[in-house]
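[1] pasting the sequence and the predicted coordinates here, then a few questions.
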Amino acid sequence: MRWYRSLYWRIAVGVMGFLVVMLVVQAMLYVWAVSQSGRSLQGQSPGRLAMTVAQDVAGLLEREPGVDLAQYIHEQYARYEHPFFVMMADGRLITSGSDSFPEPLLRMAKARLERPEGRMMRPEGPMPGEGPRLEGPRLEGPRPEGPRWRRPEGAPDDPGRPMRGGPPGPRPGDRFDRERAAFPVPIVVNARVTGVVVVPAQAPFAFLLRRYAPILALVAVGVLVVGGVVTSATIFGPARRRLLALERAARQFGAGDLSARAPDRGGDEIAAVASAFNTMADDLAARAEALAASDKLRRQLLADVSHELNTPVTAMRGYVETLTMPELTIDESTRARYLGIIADETARMERLIGDLMDLARLEGGGGALRQDAVSVEQLFGRVSARHERACAEMGIEIAASVAPGAETVTGDADRLEQALQNLAANAMRYAPGGTAVELRAQTVNAHVVLSVEDRGAGIPAEHLPYVFDRFYKADASRPFDRGANAGASGGSGLGLSIVKAIVERHGGTVSVRSRPGSTVFDVELPHGQDLTA
């Protein structure tokens with residue numbers, strides 16, 4: 001992935017762009033506020049600056065009439081953060097700090113220079129905004145009588161007429177405002193007005209922006225650098241590390257490592273994504289394990305089915321080949337015995353194929369079971385009648401008992417009988433002579449429990465978890481074959497698997513308890529279970 005496609009880079013650019021915009025806006029607002037407030041001069045007003053410059057320039061011109069006034073002003077007042085201009089009587093315009101001034105200020109300065117010459121006067125006391133009186137060159141001579149800078153009562157308000165009592169003074173509109181007004185302060189050299197100094201009340205926005213631009217740019221760069229480092233360290237760094245861990249876990253899981261998980265600490269969006277990934281990984285791992293187990297069972301089932309089918313086929317083929325050998329003389333009794341063995345193996349194959357088909361239908365959900373009220377006593381009676389002859393030959397009995405409340409169960413009578421027949425046949429195979437196979441029915445926690453118990457040697461504890469698996473064989477120390485039919489030449493190895501499938505289709509459970517001298521299979525069926533689904 002190219003660097004400019006990275007999410008972190010896009011976020012960083014967005015954050016930095018936002019910071020730049022905010023800094024520019026703040027800088028512009030600051031400069032605008034300074035320009036509007038007129039506080040670009042520290043410690044003095046525009047009027048005081050104008051008088052200071054006028055006195056300084058007047059003294060300089062008296063000492064050095066031919067001095068380069070523009071260079072002097074630029075050198076001496078370049079540090080001031082407030083612009084002003086000097087308009088000389090010969091038409092020269094010398095500016096400091098800014099090359100552009102409002103046209104009204106220029107006209108006011110020009111009008112002041114165009115007034116008739118006369119003796120310079122000052123009002124007694126400090127001028128507004130001036131503070132203590134500053135000493136400077138002034139014209140000496142008799143002072144006019146009467147109020148100073150006042151027009152006679154009733155005189156028209158003519159800015160062009162001189163005031164009574166002396167030479168022309170400021171016009172009525174040329175008031176000296178302490179905070180904002182600009183007043184042209186004359187430069188008097190040898191009793192003549194040679195120019196005026198005008199300091200605007202407010203510094204122009206463009207001038208202040210040029211003055212503050214370098215320092216504001218430096219501050220902005222510093223803020224961006226520090227902000228970028230801090231943001232990367234505190235926000236992007238941890239997020240990037242956690243996303244990289246999530247990416248590594250995803251790649252490992254995709255490569256086959258089903259134990260790979262992403263760290264899901266915290267409660268933010270990244271933790272939620274990591275938690276969702278871990279949940280998905282757990283589910284996929286469980287499915288993979290289930291598929292692996294299913295595949296293993298499938299392979300084992302194919303091997304077991306092949307073995308179980310091959311055993312009778314091999315026996316049948318051997319006896320058939322023997323019977324068809326022309327050079328071999330076989331008496332009738334031997335021939336009859338061989339044919340009987342072939343018939344037994346054929347029946348064994350039929351039972352095995354039938355059991356496999358039954359198990360496939362039950363486990364695959366094929367065929368709906370009937371839902372009837374089934375008499376438990378009748379179930380036990382049919383089981384006893386089915387195995388009565390075999391029990392007599394083996395010297396064992398079948399005893400049945402039904403407790404109150406367990407007289408009926410709900411289900412498919414044929415399938416329930418098939419399950420009990422398989423359990424009874426299995427118990428008879430291991431019951432010692434002279435004992436009884438007990439069939440019991442009782443209620444436990446509102447369930448009906450059908451139990452089949454024999455008094456045989458019992459099932460070893462290590463085999464109990466596997467007795468319901470298909471074709472599972474116990475060790476040779478106990479001939480545990482789990483067939484479905486007593487009296488046959490061996491079971492199919494599917495009897496208990498079919499029992500388990502039938503009981504689970506009825507919504508119940510089957511379990512086994514065993515110890516030396518007692519093995520009990522319990523079938524627990526719920527009342528009123530719906531079997532039509």
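    Thanks, I have the structure now.
[2] pLDDT on stretch 197-205, on average?
    Averaging pLDDT along stretch 197-205 yields 78.
[3] please apply the same query to stretch 113-124.
    pLDDT averaged over stretch 113-124 equals 54, rounded to a whole number.
[4] again, but for stretch 314-331
    On average, stretch 314-331 scores 82.
[5] likewise stretch 282-298?
    Stretch 282-298 carries an average pLDDT of 85.
[6] now do the buried residues in that stretch.
    In terms of neighbour count (16 or more other C-beta atoms under 10 Å), stretch 282-298 has its buried residues at Ala285. All C-beta atoms are positioned from the backbone trio N, CA, C, and that covers glycine.
[7] how many neighbours does Phe101 have?
    By the measure other C-beta atoms under 10 Å, the count of residues near Phe101 is 20.
[8] domain parsing for this protein?
    3-37+208-250, 46-150+158-202, 269-346, 369-526 (automatic domain parsing).
[9] for the stretch 101-250 of the chain, what spans make up the helices?
    103-113, 205-231, 237-254 (DSSP state H, counting those that start in this stretch).
[10] before we move on, what about the chain?
    7-37, 46-63, 69-76, 103-113, 205-231, 237-254, 269-323, 332-363, 376-386, 388-394, 413-430, 495-505 (DSSP state H).
[11] hmm, back to that, most packed of the domains of the chain?
    domain 369-526 (a mean of 18; mean count of other C-beta atoms under 10 Å).
[12] endpoints of that domain, how far apart?
    Domain 369-526 has an end-to-end distance of 15 Å (C-alpha to C-alpha, to the nearest Å).
[13] give the rounded mean pLDDT of that domain.
    Averaging pLDDT along domain 369-526 gives 83.
[14] so how far is that domain off the chain centroid?
    Distance, stretch centre to chain centre, for domain 369-526: 55 Å (C-alpha atoms, centre = their mean, to the nearest Å).
[15] try stretch 341-361
    58 Å.
[16] send the alpha carbons of that stretch over as PDB?
    Output for stretch 341-361, consisting of C-alpha atoms alone and laid out as PDB, is shown next (Å, rounded to 0.1, in the frame of the first residue of the first chain):
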ATOM      1  CA  ILE A 341     -23.500 -70.400   7.400                       C
ATOM      2  CA  ILE A 342     -24.000 -68.700   4.100                       C
ATOM      3  CA  ALA A 343     -27.600 -68.000   5.100                       C
ATOM      4  CA  ASP A 344     -26.500 -66.600   8.500                       C
ATOM      5  CA  GLU A 345     -23.900 -64.300   6.900                       C
ATOM      6  CA  THR A 346     -26.500 -63.100   4.400                       C
ATOM      7  CA  ALA A 347     -28.900 -62.300   7.300                       C
ATOM      8  CA  ARG A 348     -26.100 -60.500   9.000                       C
ATOM      9  CA  MET A 349     -25.400 -58.400   5.900                       C
ATOM     10  CA  GLU A 350     -29.200 -57.600   5.700                       C
ATOM     11  CA  ARG A 351     -29.300 -56.400   9.300                       C
ATOM     12  CA  LEU A 352     -26.200 -54.300   8.900                       C
ATOM     13  CA  ILE A 353     -27.500 -52.600   5.700                       C
ATOM     14  CA  GLY A 354     -30.900 -52.100   7.400                       C
ATOM     15  CA  ASP A 355     -29.300 -50.600  10.500                       C
ATOM     16  CA  LEU A 356     -27.200 -48.200   8.400                       C
ATOM     17  CA  MET A 357     -30.300 -47.100   6.500                       C
ATOM     18  CA  ASP A 358     -32.200 -46.600   9.700                       C
ATOM     19  CA  LEU A 359     -29.400 -44.600  11.300                       C
ATOM     20  CA  ALA A 360     -29.000 -42.400   8.200                       C
ATOM     21  CA  ARG A 361     -32.800 -41.700   8.200                       C
END
